[in-house]
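> here is a sequence with its predicted model. Questions after.
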Amino acid sequence: MSNSKVKPSWAKRLRTAALYIVLFSVVAFVVDAFRNSDVPESVPPELSSLTDINGEQYNLREMSKVSPVVLYFWATWCPVCPAVSPTVDYVGNHYPTISVALRSGDNHKLTRYAQAKGYEFPIVNDNLNRVSNGWQVSATPTIIIIENGDIVSATTGVTTPPGLFIRLWFHQFF
C-alpha cells in the first residue's frame, strides 16, 4: 500500500467550487435583502429630481421610463467604494447613471476627487444625508436600479461589472 494521498478529481474540485459559489451567492442575497429591506419600492416623489454638483438636474422617474437608471450611493471615505466606482463609471457609458456622494465634502472637493479618479458619472452632493435618508440607504456602496419609477434591484457592497450588467439586462427584459 502507498502512503501518498489521492488527489481529488477535477470533477470533484469543480463541484466543490460550484457549491462555494452557490453558498456565497445565497449569503450575499440574504445580506442584501436584509440591508436593503427599507429601500422604498418606487422613487420617492420628493427625491425624483436631483441636482448634481455642476447644477445639472436629473428626473429619475422620467429617465427610468426610457431605460433602467443606476443610482449609486458612495462616499470618498468609504473603503470599498474605490473598488466599485470604476464599475459604476463604466456602466454609465451604457446606462443612465447618477451617483450620490454621502458626507464627502463640498462640491469643489468632490470635483477634484472625481477628476483624480477619472470618474465621469454625475455626482449629487449629499452632505446633509437628505437624499440617502429619503432612500433609506445607510451603507456604502449601495446601487439601486430604477425602471419605470420602480426600484427593481438594490445591492450593497462589492459589485462586479458582469453582476451589474446582468442585473440591468435582466430587469430590462424580464
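Alright, I've got the coordinates.
> where exactly do the helices run in this structure?
10-35, 60-66, 81-91, 107-117, 130-134, 161-173 (DSSP state H).
> would you mind putting those helices into TSV with mean neighbour count and mean pLDDT alongside?
C-beta here means a position set from N, CA and C on the backbone, and glycine is covered the same way. What follows is those, written out as TSV (neighbours: other C-beta atoms under 10 Å; pLDDT from 0 to 100):
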stretch	mean neighbour count	mean pLDDT
helix 10-35	11	68
helix 60-66	17	95
helix 81-91	19	96
helix 107-117	14	97
helix 130-134	16	93
helix 161-173	14	80
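> His94: how many residues sit nearby?
Using other C-beta atoms under 10 Å, His94 has 12 other residues around it.
> for Gly55, see how far away the residue nearest the centre of the chain is.
Nearest to the geometric centre of the chain sits Ile143, at 2.3 Å (C-alpha atoms, centre = their mean). For Ile143, the distance to Gly55 equals 24 Å [C-beta to C-beta, to the nearest Å].
> out of the helices of the chain, which is closest to Ala154?
Proximity to Ala154 (C-beta to C-beta) singles out helix 10-35 among the helices of the chain, at 7.0 Å.
> find the nearest non-adjacent residue to Thr160, please.
In this structure, Thr160 finds its nearest non-sequential neighbour in Thr87, 6.6 Å apart by C-beta to C-beta, 6 or more residues apart in numbering.
> how close does the one you found sit to Ile145?
Thr87 is 13 Å from Ile145, by C-beta to C-beta.
> what does Val70 give?
6 Å.
> okay, and the common contacts of these two?
Shared contacts of Val70 and Ile145 (C-beta atoms under 8 Å, 6 or more residues apart in numbering): Leu168.
> ok, the closest residue to Tyr113 other than its chain neighbours - contacts?
Counting by C-beta to C-beta, 6+ apart, Tyr113 lies nearest to Thr76, which is 5.4 Å off, once chain neighbours are set aside. Going by C-beta under 8 Å, 6+ apart, Thr76 touches Ala101, Ser104, Gly105, Lys109, Leu110, Tyr113.
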